[in-house]
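K.L.:
sequence and predicted structure, then a few things I'm wondering about:
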Amino acid sequence: MKYIKRIVLALIFGISAFSQVQDKNKSVESKSEVAKNKSNLAVTPPMGWNSFDAYDCRINEKEFKATVDYMAENLLQYGWNYAVIDYIWWNPEPGNWNTPKRKGHPDIQFNADGSLKFPKDVTMDQYGRLLPSVERFPSAANGKGFKPIADYVHGKGMKFGIHIMRGIHRAAAFNGTPIMGSKATAKDIAEPFDTCNWCNNMFGVDASKAGAQEYYNSIFNLYAQWGVDFIKADDTMFPPYHKEEIEMMHKAIAQCGRPMVLSLSCGEAPVSRASHLIENANMWRISGDFWDNWESLEHNFDLLNAWSPFIGEGHWPDGDMLPIGRLSLDDRPHGKERMSNFTVPEHYTLMSLWSMAKSPLIMGGDLLTTAESTMKFLKNSEILYVNQHSTDNRQVIKNDGQAVWIATDPKNGDRFIALFNLSEKEKEVKFTLENEGIRGDYSVRDLWEKKDIGIINTQIRAKIDSHGAKVFRLTKVVK
């Protein structure tokens with residue numbers, strides 16, 4: 001077990017980072033009040049990159065900084081500004097052994113009494129707060145944590161995020177480490193029976209125990225000191241739904257003195273919890289782990305449709321990361337190392353659906369080894385405009401091998417219409433405008449092709465490749 005000198009915290013003044021937005025069936029605050037209470041946080045769907053799809057739990061400081069450099073030079077101008085380090089950053093060599101679950105799974109090994117077989121597997125301070133491994137993140141030495149990396153990201157004009165696992169590390173519970181700001185210890189608040197079913201590092205925290213909120217306050221205060229802007233909190237919704245710990249995270253952010261986007265994983269999130277999620281988080285996974293296969297992509301049409309009533313400023317249903325580009329380096333975390341299995345038409349469908357549904361856009365593939373022919377899907381400013389600025393986003397048709405989504409540009413009343421071919425063959429997909437009360441003459445622009453294609457007044461139609469998509473902007477012709 002590695003320890004750092006006690007970190008002396010400044011006095012923390014609580015701020016409200018998130019609004020208390022009520023369910024769609026209740027009266028809601030005005031848009032101005034919502035915006036004020038959100039502190040301008042995640043006003044539009046967050047856009048960025050996360051290390052998991054490419055690096056699993058193994059990314060190091062050199063690789064992460066190189067990725068940040070690439071983003072700053074090539075993607076930031078299009079709005080891709082969050083760079084996020086995914087899980088198990090406290091372990092010097094996570095998953096160096098194979099388990100029955102998968103190659104290199106980052107479970108820890110422990111003795112019959114609960115102690116760690118290899119204490120070096122966890123880097124932690126005297127208050128049970130996990131710290132980045134200096135073997136992988138050398139700038140974290142001497143108690144600096146992730147602050148030097150956060151400063152590097154901020155220096156590029158971007159925002160920095162980290163992944164955390166719900167709960168408290170089992171090593172802290174075994175050793176009874178004290179909790180900063182409380183007389184309780186980690187052993188007092190830990191629930192050994194409550195462990196993540198796919199990663200055994202953590203125990204759940206009992207919200208009814210003295211010291212529970214103080215523990216969450218202490219780790220988020222530490223993240224605030226580091227300069228963290230984005231928290232991906234995992235194992236929060238996978239059955240069971242961990243209502244109390246989600247609330248403790250929300251409260252901890254509100255008191256830490258630094259606005260942070262709270263992203264909850266993994267899904268599928270229960271729609272019955274929509275009101276609670278809106279009140280406590282900025283984005284939440286509506287799907288299980290999403291990978292590069294057509295069945296998962298097609299399933300997300302139904303998931304995003306079910307969640308479309310809850311799209312709103314500061315709270316975004318999340319279809320998961322974009323598994324495009326080079327994935328699973330060294331055959332981890334999912335399948336063989338490969339370029340995405342999505343076909344070119346499926347790339348169009350993925351980006352069109354995520355944009356029409358206003359899902360957060362978090363790139364998962366390795367930016368350093370992905371061809372420009374794929375990166376072009378991240379650089380279409382007209383498609384990204386739909387994701388960031390459209391309203392009234394919803395699916396209006398999904399049957400007979402096709403789907404149609406529609407949205408509005410609030411600036412000028414233009415309509416966005418996306419046509420999807422879900423069938424196994426090329427086909428013409430069409431939509432009758434009267435079905436949405438769209439009457440009169442409209443000029444049509446193909447957003448993927450970035451070209452105007454003529455005037456229509458009754459129906460929009462396009463021949464589309466199997467599993468492909470088209471997105472159009474319709475502008476009223478004033479006579």
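P.N.:
Ah, there it is.

K.L.:
hang on, Cys196 packs against Arg170?
P.N.:
No - using C-beta atoms under 8 Å, Cys196 makes no contact with Arg170, being 10.8 Å away. The way it works is simple: take the backbone N, C-alpha and C, and place the C-beta from them, glycine included.

K.L.:
which residues are common contacts for these two?
P.N.:
Met202 (C-beta atoms under 8 Å, 6 or more residues apart in numbering).

K.L.:
all helices for this protein, in order.
P.N.:
With DSSP state H applied, the chain shows helices at 31-37, 52-55, 61-74, 147-155, 170-175, 186-189, 212-226, 243-255, 274-280, 294-307, 344-356, 372-375, 381-389, listed in chain order.

K.L.:
export the ones you listed to CSV and tack on distance to Leu116?
P.N.:
Below are the helices of the chain laid out as CSV (distance: least, C-beta to C-beta, whole Å):
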stretch, distance to Leu116
helix 31-37, 42
helix 52-55, 24
helix 61-74, 24
helix 147-155, 26
helix 170-175, 5
helix 186-189, 14
helix 212-226, 20
helix 243-255, 23
helix 274-280, 32
helix 294-307, 36
helix 344-356, 40
helix 372-375, 41
helix 381-389, 44
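
K.L.:
now Asn300: how far from Trp291?
P.N.:
Look at Asn300 and Trp291: by C-beta to C-beta, to the nearest Å, they are 11 Å apart.

K.L.:
same check, this time on Val84
P.N.:
On the measure of C-beta to C-beta, Val84 and Trp291 end up 18 Å apart.

K.L.:
between these two, which one's more packed in?
P.N.:
Set side by side, Val84 and Trp291 show unequal neighbour counts under other C-beta atoms under 10 Å, the larger going to Val84 at 26 against 21.

K.L.:
quick check, that one in contact with Asp229.
P.N.:
No - Val84 is beyond contact range of Asp229, at 9.4 Å (criterion: C-beta under 8 Å).

K.L.:
how is the chain divided into domains?
P.N.:
31-389, 397-476 (automatic domain parsing).

K.L.:
tell me which of these sits most buried.
P.N.:
When these are scored by mean count of other C-beta atoms under 10 Å, the highest mean neighbour count falls to domain 31-389 (a mean of 20).

K.L.:
what's the average pLDDT for that domain?
P.N.:
Average pLDDT, domain 31-389: 95.

K.L.:
so how far is it off the chain centroid?
P.N.:
Here the centre of mass of C-alpha atoms in domain 31-389, compared against the chain's by C-alpha atoms, centre = their mean, to the nearest Å, lies 6 Å away.

K.L.:
got it, and stretch 398-406?
P.N.:
The offset between the C-alpha centroid of stretch 398-406 and the centroid of the whole chain comes to 26 Å, using C-alpha atoms, centre = their mean.

K.L.:
how about that stretch as CSV, C-alpha atoms only?
P.N.:
Coordinates of the C-alpha atoms in stretch 398-406 are reproduced here as CSV (Å, rounded to 0.1, in the frame of the first residue of the first chain):
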residue,chain,number,x,y,z
LYS,A,398,-39.7,2.6,-37.2
ASN,A,399,-41.2,-0.2,-39.2
ASP,A,400,-40.8,-2.1,-42.5
GLY,A,401,-37.0,-1.9,-42.4
GLN,A,402,-36.8,1.8,-42.0
ALA,A,403,-36.8,4.6,-39.3
VAL,A,404,-37.3,8.3,-39.4
TRP,A,405,-36.2,10.8,-36.7
ILE,A,406,-37.2,14.5,-36.8
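
K.L.:
what does it contact?
P.N.:
The set of residues that contact stretch 398-406 without belonging to it, under C-beta under 8 Å, 6+ apart, is 301-302, 305, 352-353, 356-357, 392-397, 415-423, 427, 429, 431, 436.

K.L.:
now swap in stretch 135-143 and tell me
P.N.:
Contacts to stretch 135-143, defined as C-beta under 8 Å, 6+ apart, come from residues 4-5, 7, 58-61, 89, 92-93, 131-134, 146, 148-149.

K.L.:
ends of it, how far apart?
P.N.:
14 Å (C-alpha to C-alpha, to the nearest Å).

K.L.:
with stretch 169-182 instead?
P.N.:
Length of stretch 169-182, first residue to last, C-alpha to C-alpha: 17 Å.

K.L.:
ok, Arg166 to Lys243 distance?
P.N.:
12 Å.

K.L.:
got it, and Asn60?
P.N.:
To Lys243, Asn60 is 35 Å away according to C-beta to C-beta.

K.L.:
what of Ser308?
P.N.:
Distance from Ser308 to Lys243, counting by C-beta to C-beta: 23 Å.

K.L.:
what do you get for Ile383?
P.N.:
36 Å.

K.L.:
which ones are touching the residue nearest to Gly114 when sequence neighbours are not counted?
P.N.:
What sits nearest to Gly114 in space, not counting adjacent residues and going by C-beta to C-beta, 6 or more residues apart in numbering, is Phe174, at 4.7 Å. The contact partners of Phe174, by C-beta under 8 Å, 6+ apart, come to 113-116, 187.

K.L.:
same deal with Glu247?
P.N.:
For Glu247, the contacting residues are 207, 280, by C-beta under 8 Å, 6+ apart.

K.L.:
mind running it again at 6 Å?
P.N.:
Taking C-beta atoms under 6 Å, 6 or more residues apart in numbering as the definition of contact, the neighbours of Glu247 are Asn280.

K.L.:
next one: it from Ile162, what distance?
P.N.:
Glu247 is 20 Å from Ile162, by C-beta to C-beta.

K.L.:
ditto for Cys256
P.N.:
The spacing between Cys256 and Ile162, counted by C-beta to C-beta, is 14 Å.

K.L.:
can you check Ser263 too?
P.N.:
If you measure Ser263 against Ile162 using C-beta to C-beta, the figure is 11 Å.

K.L.:
just Asp320 next, same as before
P.N.:
With distances taken as C-beta to C-beta, Asp320 is found 18 Å from Ile162.

K.L.:
cool, Asp330 as well?
P.N.:
Applying C-beta to C-beta, one obtains 22 Å for the distance of Asp330 from Ile162.

K.L.:
does Met165 touch Met202 like I think?
P.N.:
Yes - under the criterion of C-beta atoms under 6 Å, Met165 makes contact with Met202 at 4.6 Å.

K.L.:
so what's in contact with these two at the same time?
P.N.:
With the criterion set as C-beta under 6 Å, 6+ apart, the contacts of Met165 and Met202 do not overlap.
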